[in-house]
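**Q** Model the structure of this input:
(one chain, ligands or ions: 1)
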Amino acid sequence: TQQIAGLVRFQDAVLVRVWYALQRAGITVPFPIRTVRFTDSDRGASAQAESERGRIAALLGHLPLFRELDGAVLLQLAVSVRASKYDAREVLVHEGDHGDSLFVIETGGVRVTKSGEGFGTDAIELARLGPGQFFGEMSLLTGEPRSATVTADAGCEVLVLAREALQPLLEADPSLAGTLSRSIAERSAETEAKLENRREQAKSAPDSGHADSILARIRSFFKLPEPERR
Ligand code: CMP
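**A** Numbering: from 1, shown residues only. As a prediction, the model looks like this:
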């Protein structure tokens, strides 16, 4: 029975991930509840789209990042912004991937980590970000591969801006490029400081670095959870 319970839990976890992925792709699946759609008029649907646009524009307008933009620009922007939901521990951005979108957190939080490869340790936590904060700006603006992995803590909701959406914003608010580049410079410096710190630790205690890497392999082999790092 334990095996069956494990299988059911696994199936459930897979279905939940599939459900989130389909929802993000704009496909609704009528499980685990019945979905009843009222499609009596297109007007209803467009009014709904309109109010969703208004909601997204209002959310964007509250972000310090877009403070300088006026309502019309925000409404324009809201057309090309996608609202997406992620389940707990889903990966939103993979370190090393090509990326051309910027994410703004609407609810929940994410963990930003960098792989510990080369340091013989587990992933290094760079930051935890919450509502109103953004990530993904580095690849979007510099064309470099994603500098870190971003994972949902508990579930989270994000607004996703594609490169095309950003172009008119940069034109509408000349200070925006400056704000974003300052943030990139600050975050890169912070990341570099954390990596340097880790390198120093590895140098001063080579044995423990090696032991850590063996421990990491044992953990992955036995699928043990990663302990909380401070
Ligand atoms: P990008 O490189 O596109 O993808 C990973 C993202 O993680 C990166 O953009 C930043 O938005 C974010 N990030 C990287 N380093 C840090 C850091 N030190 N603090 C906060 N966020 C970071």
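**Q** Could you grab the helix/strand/coil label for the residue sitting nearest the centre point of the chain?
**A** The residue lying closest to the centre of the chain (Cα atoms, centre = their mean) is Leu92, at 4.0 Å. Under DSSP: H, G, I helix; E, B strand; the rest coil, Leu92 falls in the strand class.
**Q** ok, it to Asp153 distance?
**A** Note on Leu92: its distance to Asp153, by Cβ to Cβ, to the nearest Å, is 11 Å. Where you see a C-beta, it was placed from the backbone N, CA and C, and this is true even at glycine.
**Q** which residue sits closest to the residue nearest to the centre of the chain, ignoring its sequence neighbours?
**A** Spatial nearest neighbour of Leu92, chain neighbours left out: Val150 (4.7 Å); criterion: Cβ to Cβ, 6 or more residues apart in numbering.
**Q** Please enumerate the helices of the chain.
**A** 2-24, 42-61, 71-79, 137-142, 163-172, 174-204, 206-221 (DSSP state H).
**Q** Can you say which of those is packed in most?
**A** helix 137-142 (a mean of 20; mean count of other Cβ atoms under 10 Å).
**Q** do that one and the ligand meet?
**A** Yes: on the criterion Cβ under 6 Å from any ligand atom, helix 137-142 is in touch with the ligand at Glu137, Met138, Ser139.
**Q** Would you convert the helices of the chain into CSV that also reports mean pLDDT?
**A** Formatted as CSV, the helices of the chain follow (pLDDT from 0 to 100):
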stretch, mean pLDDT
helix 2-24, 86
helix 42-61, 84
helix 71-79, 88
helix 137-142, 90
helix 163-172, 85
helix 174-204, 87
helix 206-221, 77
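**Q** Up against the ligand, what does this protein have?
**A** So far as Cβ under 6 Å from any ligand atom goes, the chain lies against the ligand at 93, 99, 112, 126-127, 135-139, 146-148, 150, 187, 190-191.
**Q** switch to 8 Å and redo it
**A** Residues of the chain found near the ligand (Cβ under 8 Å from any ligand atom) are 93, 95, 99, 102, 112, 114, 126-127, 129, 134-140, 144-150, 184, 187-188, 190-191, 194.
**Q** My guess is Asp122 contacts Arg217. True?
**A** No: counting by Cβ atoms under 8 Å, Asp122 stays clear of Arg217, with 10.8 Å between them.
**Q** Pretty sure Phe103 is one of the things Leu63 touches, is it not?
**A** No: using Cβ under 8 Å, Leu63 makes no contact with Phe103, being 11.9 Å away.
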